[in-house]
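Participant: turn this into a model:
(2 chains)
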Amino acid sequence: MEDKSKQLVQQIAEMQEDDAVKLAREMLDSGYDPVKLLGHCREAMEIVGKRYAEGEYFLPELMLAGEMLKSIGEMAKPLIKQDESSAKTAGTVLIGTVQGDLHDIGKNIVTFMLEINGYKVVDLGIDVPVANFVESIKEHKPQVVGLSGFLTLAFDAMKNTVEAIREAGLRENIKIMIGGGQVDETVKNYTGADAFGLNAMDAVSLCKQWVPA
Amino acid sequence: MSSSTSVSSLSALYEQRQKRLMDAIELRQPDRLPTILFSHFWTAHYAGMTCREAMYDYERLAAAVKKAVVDLEPDAYQPVHALVAFGPTMDILEYKQLEWPGHKGLAEDVGYQYLDAQYMAPDEYEDYLLDPTGFMLHRYLPRVAGALEPLSELPQYPGVLHTRIIQSMEAYARPAVRQALETLIRAGEEMQKMRTVQSRLIQELQDLGFPVASHGTTHAPFDVAADYLRGSKGAMLDLFRNKDKLLSLMDRLTVLIPRTGIASVKAVGGNMVFIPLHWGLDGFMSPKQFTTFFWPQFQKVLLTLIEAGIYPHVLWEGDCTSRLEVIKDVPSGKCVYFFERTDLGKAKQALRGTVCIRGNVPASTLITGTVSDVRECCKKLFETAGDGGGFILDGSVGIPDEAKPENVLAMYEAAKECVY
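Facilitator: Residues are numbered from 1 along each chain as shown, chains lettered A, B, ... in the order given. Coordinates of the predicted model:
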């Protein structure tokens, strides 16, 4: 079985979707521990994440890795008892595309990369009103808030969101990162965020810096 | 000044601007740095209109565009109606691929947005490849516009011949099809109203000395596959799951896209085409994926357009610095590369003597900066990319909708001071 687990890690990391899903099915059918199986998936995702960070993999590989993880997760999770599945997380990140903007590709990639790096991500979706961010911060108590936006209208929406978080007295306890489209240092200063990122790896680096795993 | 002198001086101004622009494109040194005005909703905002009003009121939008062009005095401008003034037509069509201001909960003063989704399923590749027009007519149009759903009932003509052609007419009298056809006529009439206003505006601005910088829009084959057919997720997965089918689809598009692009530009007697690119940038695809799925097909499209006497203005969205060595392989003095975040210093180094560069005052500077920030930025860009000509000043993706008017005025003024 050890050989098979190594093979599974390798197949996922090498983007061999059909082989990886088939092997995971075989392993589960022959009684392999589903919790351990998901552990191998995490191991493979770490390799994928590393290759992405090093510029060997790009968005298509992340997307396919996500699909493999989803397929295998759907097979394994029903076999896991509730108390076994609650893994410890590095921290909580609240993320959403700001009000008026309907784009979510970048946000979804960031969410995926944060999750495979051990963060719990609460995704509020797109076109998120300022009040929803504030209420969700109270509810989920994240260490980091990520504001996403592709369009230039997001500059003001991000600024308003940061401002509302400050007015609600929640700003001091959280770090805010912004990303997407035309965000840069000037926009970071304009919105009052703590940092900006140009890609999903920047988001992971910022979270690791702020909330070490 | 007599009116005849005035007309001739305006006509001289038109010639002067046109020459300045063409000098830059064809890599001769112009008298000074040329500019293009490209915006979606900024011109409307500048005249006090909302995005919604710009999409619905052709006449007020025309007045707004005229005011902006006259005030800024760019060397050429991209007509705005074709980019935004289709609200009424979308209502008639019950259009589904865009969300627009004042429609389904989107605010009145927010630009329209494309809805990324799967518009062609993975198992439909074969159908598309067999008969692209049939696929578009029977499946695609009914999917993207509620009012066009009955088009799925139209006869499948490749198998309808001889007297069956005559018998097939029955389909056009069915109530749902009849209604769809009536809707098409109404949508067509609405589009004609818009086009009439746009044509009149173009003529008025030409009489005032301002040339047009774009006579149509076209696409890269991968962008059509990813944005308009398979959706972003589907297209990315197809790089692994349906690689051969995707490549076959793009082979078709490589022929079909320029055919349509050339026809639309020639129909208005023009020679410039705008090509916004969405998936070419660094970080989205690997260099190998880019040279397999994106560049070879797009390069063929560019070459076909150039062969037809058309100058492509390619908007390379995002940062494409790592692509420069690949994308420089085009005929000299025939293309404009409009860069959003690409380093113009590196672009100039790679493209000098081959491609005219256009760009890239950052949106953040135009929206949040000061007049002096803008002036300094323009001067620096001129120093970086202007050397020897081959450079046109523009915003990073044109003028952003929220740019401060004084900053935009400063940008166009600054260019006038960038003299060779």
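Participant: name the nearest residue to residue B:155, sequence neighbours excluded.
Facilitator: Spatial nearest neighbour of residue B:155, chain neighbours left out: residue B:168 (4.0 Å); criterion: Cβ to Cβ, 6 or more residues apart in numbering or on different chains. All C-beta spots, glycine's among them, are computed from the backbone N, C-alpha and C.
Participant: next: residue B:135.
Facilitator: residue B:128 (4.6 Å).
Participant: dihedrals phi and psi, that neighbour?
Facilitator: Main-chain torsions, residue B:128, degrees, to the nearest 10: phi -60, psi -50.
Participant: again with residue A:196
Facilitator: Dihedral angles for residue A:196 - degrees, to the nearest 10 - are phi -130, psi 160.
Participant: measure residue B:147 to residue B:141 for me?
Facilitator: As judged by Cβ to Cβ, to the nearest Å, residue B:147 and residue B:141 stand 10 Å apart.
Participant: ditto for residue A:103
Facilitator: Residue A:103 is 25 Å from residue B:141, by Cβ to Cβ.
Participant: check residue A:211 too.
Facilitator: In terms of Cβ to Cβ, residue A:211 sits 49 Å off from residue B:141.
Participant: mind listing the strands for the stretch 301-420 of chain B?
Facilitator: Applying DSSP state E, counting those that start in this stretch to the stretch 301-420 of chain B gives strands spanning B:311-316, B:336-339, B:356-361, B:391-395.
Participant: residue A:155 is nearest to which of the ones you listed?
Facilitator: strand B:391-395 (14.0 Å; Cβ to Cβ).
Participant: chain B contacts on chain A?
Facilitator: Proximity of chain A to chain B (Cβ under 8 Å from any Cβ of the partner chain) is limited to residues A:15, A:17, A:56-61, A:63-64, A:67, A:100-105, A:151-153, A:155-156, A:182-184, A:186-187, A:189-190, A:198-199.
Participant: right, and the helix or strand after the lowest-mean-pLDDT helix or strand in chain A?
Facilitator: Within chain A, no helix or strand scores below helix A:82-85, which has a mean of 60 by mean pLDDT, DSSP states H and E. Scanning forward in sequence from helix A:82-85 by DSSP states H and E, the next helix or strand is strand A:92-97.
Participant: which parts of the host helix or strand of residue A:6 are buried?
Facilitator: Using DSSP H and E, residue A:6 falls within helix A:2-13. By 16 or more other Cβ atoms under 10 Å in any protein chain shown, the buried positions in helix A:2-13 come out as A:4-5, A:7-9, A:11-13.
Participant: now, which of the residues you listed sits nearest residue A:41?
Facilitator: residue A:12 (6.5 Å).
Participant: do you know the pLDDT at that closest one?
Facilitator: At residue A:12, the predicted lDDT confidence score is 97.
Participant: that one reaches residue A:21, doesn't it?
Facilitator: No: between residue A:12 and residue A:21 there is no contact under Cβ atoms under 8 Å: 9.3 Å.
Participant: what do these two both touch?
Facilitator: residue A:68 (Cβ atoms under 8 Å, 6 or more residues apart in numbering or on different chains).
Participant: residue 159 - how many residues pack around it?
Facilitator: You didn't say which chain, so I picked chain A. Residues near residue A:159, counting by other Cβ atoms under 10 Å in any protein chain shown, number 19.
Participant: you looked at the wrong chain, it should be chain B
Facilitator: With other Cβ under 10 Å as criterion, residue B:159 counts 7.
Participant: one more: residue B:321?
Facilitator: Look at residue B:321: counted by other Cβ under 10 Å, it has 19 neighbours.
Participant: from memory it sits against residue B:343, does it?
Facilitator: Yes: under the criterion of Cβ under 8 Å, residue B:321 makes contact with residue B:343 at 5.1 Å.
Participant: check residue A:200 and give its pLDDT.
Facilitator: At residue A:200, pLDDT is 89.
Participant: with adjacent residues omitted, what lies nearest to it?
Facilitator: Using Cβ to Cβ, 6+ apart, the closest residue to residue A:200 is residue A:113 (4.1 Å).
Participant: and the helix or strand harbouring the one you found with strand A:92-97, angle?
Facilitator: Assigned by DSSP H and E, residue A:113 belongs to helix A:105-116. On the basis of axes from the mean of the first three to the mean of the last three Cα atoms, to 10 degrees, helix A:105-116 is oriented at 170 degrees to strand A:92-97.
Participant: alpha carbons only: can I get helix A:105-116 in CSV?
Facilitator: What follows is helix A:105-116, C-alpha atoms only, in CSV (Å, rounded to 0.1, in the frame of the first residue of the first chain):
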residue,chain,number,x,y,z
ILE,A,105,-11.6,33.7,-11.1
GLY,A,106,-8.8,35.3,-9.2
LYS,A,107,-10.6,35.1,-5.9
ASN,A,108,-11.3,31.4,-6.4
ILE,A,109,-7.6,30.6,-7.2
VAL,A,110,-6.5,32.5,-4.1
THR,A,111,-9.1,30.6,-2.0
PHE,A,112,-7.8,27.3,-3.4
MET,A,113,-4.1,28.1,-2.8
LEU,A,114,-4.9,29.3,0.8
GLU,A,115,-6.8,26.1,1.5
ILE,A,116,-4.1,23.8,0.3
